[in-house]
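Visitor: with the sequence up front, the predicted model follows.
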Amino acid sequence: MKKGDYLKSIRRGNIHIENGFFSDENYEFLVNKIEKLNFIETYQPATEFYGNRFQAQPTWEYSGIENLHKNLKKEFVSNLENILDIKIKSCKTVIRKTITSEILKSKVNTKYGLIHRDSVGEDDFCDIAGVLYFTQSYDGGTAFFEKEFDKYPDIEISAYPNRLIMYDARRSHASCHDFTFNERYILAFALKCL
């Protein structure tokens, strides 16, 4: 592939899947650290206003993997730049926890979270968005929709430990919740490439 072809492919609507994204050492570090983090309660999609967090998809967040260990963010950005074969201008990361008992109490108590896009205008922060998973779940992961008002997804990507997916931030998607887990952890990210 020529320089920047992966980025062009993602911008055309393709989804990139990268298994074994982090080195074993850094992935294990994250797994061992994740449950001890001080999460802040919030909801998704956070760009919209809701009366309370249970009117949306209730979540908990910890911002920035660079706060955990200096090498994590360095490896993260370096790996993404190698995959995309470009320089990344900026990268935001957040570790997100979803608790099943909260989902069941919310208005989003179905498999699919609220369908949304991470970027809707030219001045938005990100070009590329993505998720790194920490569990294996055939019913958990991310669903992609052709249009925001579609009821059923076009494609679903299952969660798998240390699997990273990247997609165009303007693509309609929703989290998939697997109700057999008490909690779900992911690392979500947004990139500015152009």
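Guide: On my side now, so go ahead.
Visitor: all contacts plus neighbour counts: C-alpha atoms, from now on.
Guide: Fine.
Visitor: what stretches of this protein score poorly on pLDDT?
Guide: Applying pLDDT under 70 to the chain flags residues 1-4, 120-125, 194.
Visitor: quick one: the helices in it, in order.
Guide: For the chain, applying DSSP state H gives helices covering 5-11, 24-34, 70-84, 100-105.
Visitor: tabulate those (TSV), appending mean neighbour count and distance to Asp150.
Guide: Written out in TSV, the entries for the helices of the chain read as follows (neighbours: other Cα atoms under 10 Å; distance: least, Cα to Cα, whole Å):
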stretch	mean neighbour count	distance to Asp150
helix 5-11	17	21
helix 24-34	14	34
helix 70-84	15	30
helix 100-105	17	21
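Visitor: which one of these lies nearest to Asp168?
Guide: For these, proximity to Asp168 was assessed by Cα to Cα; helix 5-11 is nearest, at 5.3 Å.
Visitor: Cys176 and Gly113 touch, don't they?
Guide: Yes: in this structure, Cys176 is within contact of Gly113 by Cα atoms under 8 Å, at 6.4 Å.
Visitor: between the helices of the chain, which gets nearest to Ile155?
Guide: Across the helices of the chain, Ile155 has its closest neighbour in helix 5-11 (14.6 Å, Cα to Cα).
Visitor: any chance you could list what contacts the closest one?
Guide: Helix 5-11 is contacted from outside by 16, 83-85, 128, 166-168, using Cα atoms under 8 Å, 6 or more residues apart in numbering.
Visitor: just the CA atoms of that helix, as PDB, please.
Guide: Written as PDB, here are the backbone C-alpha positions of helix 5-11 (Å, rounded to 0.1, in the frame of the first residue of the first chain):
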ATOM      1  CA  ASP A   5      -3.700   4.400   1.900                       C
ATOM      2  CA  TYR A   6      -5.000   3.000   5.200                       C
ATOM      3  CA  LEU A   7      -6.200   6.500   6.200                       C
ATOM      4  CA  LYS A   8      -7.900   6.900   2.800                       C
ATOM      5  CA  SER A   9      -9.600   3.500   3.100                       C
ATOM      6  CA  ILE A  10     -10.900   4.400   6.600                       C
ATOM      7  CA  ARG A  11     -12.200   7.800   5.300                       C
END
